[in-house]
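> Generate coordinates for the sequence data below:
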Amino acid sequence: MSRLSWLALLLGLGGGLALTSASAEGQVASGFRFEVVATSIPRPAQLALTASGRLVVLSHGWRGDAAAEIFWLDPRGALPVNASVAPRVVIPFAEGPRKTALGSLAVDPRSGDLFLGEENGNRIYRLTGDKRLTPIVVGLNHLLGGSSLAADPEGRVVVLDYASFESQLRSEAPLPPSLDWLAAEGYTGPLVFRIDPEENVPLPRHLELVAPIFPKRPVRRVAGEPLHRFIAVVPMGQGELTLLNSVGEVFVLSSDGDLRRLTRLPSGHFHRTSTAAAPDGSVFVSSGFHIRELYRVSPAGVVTSIARDLGDPQGIAVDGSGALYVAETALHRIIRIVPADR
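Model (predicted):
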């Protein structure tokens, strides 16, 4: 077993106390209400829903002495769930100098396995049903947390990266040969990759063998005006992706690799931002600690605020009925926002 295949499966008790008083509750838009789904989850960072309806939570733990803690919760039973007595998987830090925490999460719709990305790191891992952790992608320049990776309906991993001199300093390797054409053009800007872990190629996939789906050749950019970094991605229908950049601009990337600007969110500092797609084709954006709002972006690009004054909203997931699950990291809990008449 490799050093990346270890896991400790615990049924221990957590610590801390989730705040549930009225003073700790955010405000939701007219026509919506929110309910507390789970409490006593230590610093929940990311959320995902499995095909069976279970809620997967990536947590950073009470003490920060592990790379991640993973919870599987059932939001369809009696609420709120007390996560302090729920089983979880604790993923310890790797041996040696690599102590990177895990900060991004997606569910493989084919197998139910989890894809986990290193926050401010270079690698993506798969956590299988038998609790084995193995690397599937290596060699990224700088992988952020939040929705910097996603799984599309076909089970392919979509991941965001960035090409620049500064990001190369974080990379595990020099610029891969597949991106030499970008280096020759002096390209600085975002990269988008789509990788199929089930492809008949040995794992982990090294990015020197993978060409990005964005930018496509020839690179279209205004000299001296690189695109801002993409910080969140959500797959849509027919191979399209919706992308959010670091200044709040929302783009649509077509299946052919063409990029168009859809809209812009209200100004603010977006940090560990998460996105999720709704059944009607709209996209929800959980804006993080500094902004503390939840936005809806319609397919036409109309932006509305669904909730505000949340407790560091990070991970977000949407179920088939359109109910929103949001990780309130500062309050150590998961909330659900639904229409008031439900």
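> residue ranges of the strands in the stretch 201-342 of the chain, please?
205-206, 230-235, 241-245, 249-253, 259-264, 274-277, 283-286, 294-297, 303-308, 313-318, 324-328, 333-339 (DSSP state E, counting those that start in this stretch).
> Paired strands for the shortest one, with orientation please.
Strand partners for strand 205-206, identified by DSSP bridges, are recorded as strand 133-138 (parallel).
> What of the fourth one?
The strands beside strand 249-253 in its sheet (DSSP bridges) come out as strand 241-245 (antiparallel), strand 259-264 (antiparallel).
> next one: the longest one
Based on DSSP bridges, the pairing partners of strand 333-339 within the sheet are strand 32-39 (antiparallel), strand 324-328 (antiparallel).
> Need the winner for burial among these.
Among the strands paired with strand 333-339, ranked by average contacts under mean count of other C-beta atoms under 10 Å, first place goes to strand 324-328 (a mean of 27). Yep, even glycine has a C-beta here, placed from its N, CA and C like the rest.
> Tell me what angle it forms with strand 313-318.
160 degrees (axes from the mean of the first three to the mean of the last three C-alpha atoms, to 10 degrees).
> okay, which residue is most central for the chain?
residue 147 (2.5 Å; C-alpha atoms, centre = their mean).
> The stretch 1-150 of the chain: helices as residue ranges?
Using DSSP state H, counting those that start in this stretch, no helices are found in the stretch 1-150 of the chain.
> returning to that earlier point: could you save the strands of the stretch 201-342 of the chain as CSV and add columns showing distance to residue 164 and mean pLDDT?
Listed next are the strands of the stretch 201-342 of the chain as CSV, based on distance: least, C-beta to C-beta, whole Å; pLDDT from 0 to 100:
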stretch, distance to residue 164, mean pLDDT
strand 205-206, 20, 92
strand 230-235, 13, 97
strand 241-245, 14, 97
strand 249-253, 18, 97
strand 259-264, 18, 96
strand 274-277, 23, 97
strand 283-286, 25, 97
strand 294-297, 27, 97
strand 303-308, 29, 95
strand 313-318, 25, 96
strand 324-328, 30, 97
strand 333-339, 35, 95
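> possible to save those as JSON lines with distance to residue 119?
Below are these laid out as JSON lines (distance: least, C-beta to C-beta, whole Å):
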{"stretch": "strand 205-206", "distance to residue 119": "20"}
{"stretch": "strand 230-235", "distance to residue 119": "12"}
{"stretch": "strand 241-245", "distance to residue 119": "17"}
{"stretch": "strand 249-253", "distance to residue 119": "23"}
{"stretch": "strand 259-264", "distance to residue 119": "26"}
{"stretch": "strand 274-277", "distance to residue 119": "13"}
{"stretch": "strand 283-286", "distance to residue 119": "16"}
{"stretch": "strand 294-297", "distance to residue 119": "22"}
{"stretch": "strand 303-308", "distance to residue 119": "25"}
{"stretch": "strand 313-318", "distance to residue 119": "11"}
{"stretch": "strand 324-328", "distance to residue 119": "15"}
{"stretch": "strand 333-339", "distance to residue 119": "20"}
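> Residue 76 is nearest to which of these?
Minimum separation from residue 76 across the strands of the stretch 201-342 of the chain (C-beta to C-beta) falls at strand 333-339, 10.8 Å.
> In the closest one, which residues are buried?
333, 334, 335, 336, 337, 338 (16 or more other C-beta atoms under 10 Å).
> Relative to residue 130, which of these is nearest.
residue 334 (26.1 Å).
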